[in-house]
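Undergrad: 3D model of this:
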Amino acid sequence: MQDLVTELNIHRSNLNKAIKELKERGQAKAKAERDYRVELSKEILKLRAEGMLVTIISDVCRGNKKIANLKMERDIAESLYESNMQYIYSTKINIEIVQKQIEATMRGE
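TA: Reported below is the predicted structural model:
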């Protein structure tokens, strides 16, 4: 029984850490999205001012190395955020499982 309580406490501690980390990853995700969009819009405006055909501006901008790197950083930040969310969901399930094991042990099952 003590092992289950210890395991439960470990899961709860991990959950609290993951929730704190989610906030940081959420902020990083939002910043990466902002940086990408700002640079993309600057490049679009620059190319339009230079007279580039509107129909190809989007593709040309996304092929720009700086913008492509910002998009990659945005995608990585999003992936890390989602990974953290999945870890939180998994930890919650593990907490429920251990709580049920503790309840079963207390009932003598």
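Undergrad: Can you list the low-confidence ranges for this protein?
TA: Scanning the chain for pLDDT under 70 picks out the ranges 109.
Undergrad: now with 50?
TA: Counting by pLDDT under 50, not a single residue of the chain qualifies.
Undergrad: Helix or strand for the residue positioned nearest the centre of the chain, just tell me which one.
TA: Central residue of the chain (Cα atoms, centre = their mean): residue 81, 0.8 Å from the mean position. Element membership for residue 81 (DSSP states H and E) is helix 65-107.
Undergrad: elements contacting that helix?
TA: Here helix 65-107 touches helix 2-49, helix 54-63, going by 3 or more Cβ pairs under 8 Å, 6 or more residues apart in numbering; DSSP states H and E. For the C-beta atoms, the positions are set from N, CA and C on the backbone; glycine is no exception.
Undergrad: got the angle for the first one vs helix 54-63?
TA: Going back to what we said before, that points to helix 2-49. With axes from the mean of the first three to the mean of the last three Cα atoms, to 10 degrees defining the directions, helix 2-49 sits at 140 degrees from helix 54-63.
Undergrad: now the angle from helix 2-49 to helix 65-107?
TA: 160 degrees.
Undergrad: Tell me how many other residues surround residue 35.
TA: By other Cβ atoms under 10 Å, the residues close to residue 35 number 16.
Undergrad: Please state the offset of stretch 23-31 from the chain centre?
TA: 8 Å (Cα atoms, centre = their mean, to the nearest Å).
Undergrad: Pull out the buried positions in that stretch.
TA: Neighbour counts using 16 or more other Cβ atoms under 10 Å place 25, 28, 29 of stretch 23-31 among the buried residues.
Undergrad: Distance to residue 85 added to those, as a markdown table?
TA: Shown next, in a markdown table, are these (distance: Cβ to Cβ, whole Å):
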| residue | distance to residue 85 |
| --- | --- |
| 25 | 9 |
| 28 | 14 |
| 29 | 11 |
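Undergrad: Go through those and say which is closest to residue 17.
TA: Of all the buried residues of stretch 23-31, residue 25 has the smallest distance to residue 17: 12.2 Å, by Cβ to Cβ.
Undergrad: How much space separates the closest residue to the closest one other than its chain neighbours from residue 32?
TA: Of all residues not flanking residue 25 in the chain, residue 81 sits nearest, at 4.5 Å (Cβ to Cβ, 6 or more residues apart in numbering). Distance, residue 81 to residue 32, by Cβ to Cβ, to the nearest Å: 10 Å.
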